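Engineer: When you get a sec, could you give me coordinates for this:
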Amino acid sequence: MKIAVLGGGHGCYAAAADLSEAGHEVRLWRRDGAALEAVRQGGGIRVKDIDGTRLVAVPLATADIGEALRGAELVLIPSPALAQDDIARAMAPHLVDGQVVYLPPGTFGSFTMDRIVRASGNAAKVVYAETGTLPWLARKHGPAEVAITIRAVHLPTGVYPASESRHALEVIAKAFPGVIEDCGDALSGALMNAGPIIHPPLILMNAAPLQHFDRWDIHNEGTQPAVRAVTNALDAERVAVREALGYGAPHFPLADHYNSDRWMYGDAHKKLTDSGDWREKIDLHTHRYMLEDTVLGLAFLASVARYAQVDAPVAHGLLAIAGAILGRDLREGPRSFEALGLAELSRGDLQALLQRGQA
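Structural biologist: Numbering: from 1, shown residues only. Now for the predicted structure:
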């Protein structure tokens with residue numbers, strides 16, 4: 001299958017390497033063409049994982065997004081949600097009928113990217129989907145090298161519009177055989193996103209050591225019982241929102257990430273901390289855990305809780321603390337239901353929109 005991978009981050013390089021090694025024809029695109037020279041000159045991406053270190057050839061590494069998208073059946077965007085609007089505008093002239101755009105994870109980007117593409121004048125029948133986490137726990141170790149600590153074993157996926165779920169899930173499953181699980185529409189998929197649950201408590205409750213030490217591992221020293229208690233309470237609010245909107249189990253509770261093999265990565269937390277790759281410098285004003293998972297993701301969750309009339313004091317409290325750090329009100333951020341124009345829709349109208357898509 002021809003797959004376009006859009007972006008230049010950790011997940012994008014893991015995707016390009018893994019999917020190429022699986023036999024797919026991968027086109028890796030990033031806006032900064034010079035940053036791809038190491039991939040071109042080296043003949044591909046060097047992968048480090050449990051099986052050792054090896055070079056995986058990537059058929060095409062390009063700064064021309066039209067070249068990357070041409071003929072691609074699957075468009076994979078493992079980039080932060082912060083980049084989704086720009087990527088949507090860049091790919092809008094090139095998308096064609098039948099293509100599937102997959103966001104792992106999405107932060108409801110399936111809805112916002114479709115809106116941007118349609119506003120550009122492209123009315124192609126493109127299907128969007130999103131899941132709850134990156135398919136890889138990965139960190140780049142160089143301009144053409146990525147270390148993959150673990151691969152996802154469950155990817156609950158929601159589709160937009162949901163009426164095209166069969167087509168979308170069949171295409172995505174070709175790239176991720178045996179791990180794709182239908183969780184309904186795109187809002188259900190967005191409410192599987194683990195980032196806005198795990199990262200805001202970790203960065204906000206570790207704010208002092210993050211600002212004091214050169215590097216700090218929020219997943220190791222930073223994950224203590226008090227932090228876990230807040231994370232569990234926040235996740236319970238997420239599950240309550242899902243249930244209030246009629247979405248059933250499995251909800252993939254984050255507690256399973258720490259103490260069982262039932263979560264999206266299986267039994268992964270110890271492997272994550274043992275790798276040492278997450279001992280890093282986190283700037284509370286610029287890191288994606290704040291700008292993506294809090295400003296976008298947590299604000300989105302809090303707004304859906306308001307819409308569903310679910311009490312969510314932890315979500316709103318963490319959002320207020322983050323807003324105090326950043327010096328602005330985060331309650332109606334760009335991914336909130338209010339900002340997206342969805343807060344005034346009836347439940348029936350929202351369900352119809354998620355099922356049929358935008359006119």
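Engineer: Now do the contacts for the nearest residue to residue 329 once chain neighbours are set aside.
Structural biologist: Residue nearest to residue 329 in three dimensions, not counting chain neighbours: residue 323, with 5.5 Å by C-beta to C-beta, 6 or more residues apart in numbering. From N, CA and C alone the C-beta is placed, and that goes for glycine too. Contact partners of residue 323, counting by C-beta atoms under 8 Å, 6 or more residues apart in numbering, are 329, 330, 331.
Engineer: quick one: contacts for residue 305?
Structural biologist: 237, 240, 241, 311, 312, 315, 316.
Engineer: what two of those have the greatest distance between them?
Structural biologist: Using C-beta to C-beta, the two most remote members of the contacts of residue 305 are 240 and 316, lying 13.4 Å apart.
Engineer: where exactly do the helices run in the stretch 101-250 of the chain?
Structural biologist: Taking DSSP state H, counting those that start in this stretch, the helices of the stretch 101-250 of the chain run over residues 109-119, 165-175, 186-190, 195-205, 207-212, 225-244.
Engineer: Make TSV out of those and add mean pLDDT and distance to residue 74.
Structural biologist: Putting these into TSV (pLDDT from 0 to 100; distance: least, C-beta to C-beta, whole Å) gives the following:
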stretch	mean pLDDT	distance to residue 74
helix 109-119	98	14
helix 165-175	98	5
helix 186-190	98	16
helix 195-205	96	22
helix 207-212	94	37
helix 225-244	96	27
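Engineer: what element comes up after the helix or strand bottoming out on mean pLDDT in the chain heading to the C-terminus?
Structural biologist: Every helix and strand of the chain was ranked by mean pLDDT, DSSP states H and E. The lowest is helix 269-275, at a mean of 59. Counting by DSSP states H and E, the next helix or strand C-terminal to helix 269-275 is helix 288-291.
Engineer: C-alpha coordinates for that next one, CSV please?
Structural biologist: Extracted C-alpha coordinates of helix 288-291, given in CSV (Å, rounded to 0.1, in the frame of the first residue of the first chain):
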residue,chain,number,x,y,z
ARG,A,288,3.8,20.1,23.5
TYR,A,289,2.6,18.6,26.8
MET,A,290,1.4,22.1,27.7
LEU,A,291,0.5,23.5,24.2
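Engineer: so what secondary structure elements neighbour that helix?
Structural biologist: Applying 3 or more C-beta pairs under 8 Å, 6 or more residues apart in numbering; DSSP states H and E, one finds that helix 288-291 contacts helix 195-205, helix 313-326.
Engineer: Just want the angle from the longest one to helix 195-205.
Structural biologist: Relative orientation of helix 313-326 and helix 195-205, computed by axes from the mean of the first three to the mean of the last three C-alpha atoms, to 10 degrees: 60 degrees.
Engineer: quick one: buried residues of the very next helix or strand once past helix 313-326?
Structural biologist: For helix 313-326, the following helix or strand on the C-terminal side (DSSP H and E) is helix 347-356. By neighbour count on 16 or more other C-beta atoms under 10 Å, the buried set for helix 347-356 is 350, 351, 353, 354, 355.
Engineer: And the last one, what's its pLDDT?
Structural biologist: For residue 355, the model assigns a pLDDT of 98.
Engineer: List the contacts of the closest residue in space to it that isn't next to it in sequence.
Structural biologist: Sequence neighbours aside, residue 162 is the residue nearest to residue 355 in space, at 4.8 Å (criterion: C-beta to C-beta, 6+ apart). For residue 162, the contacting residues are 184, 185, 186, 354, 355, by C-beta under 8 Å, 6+ apart.
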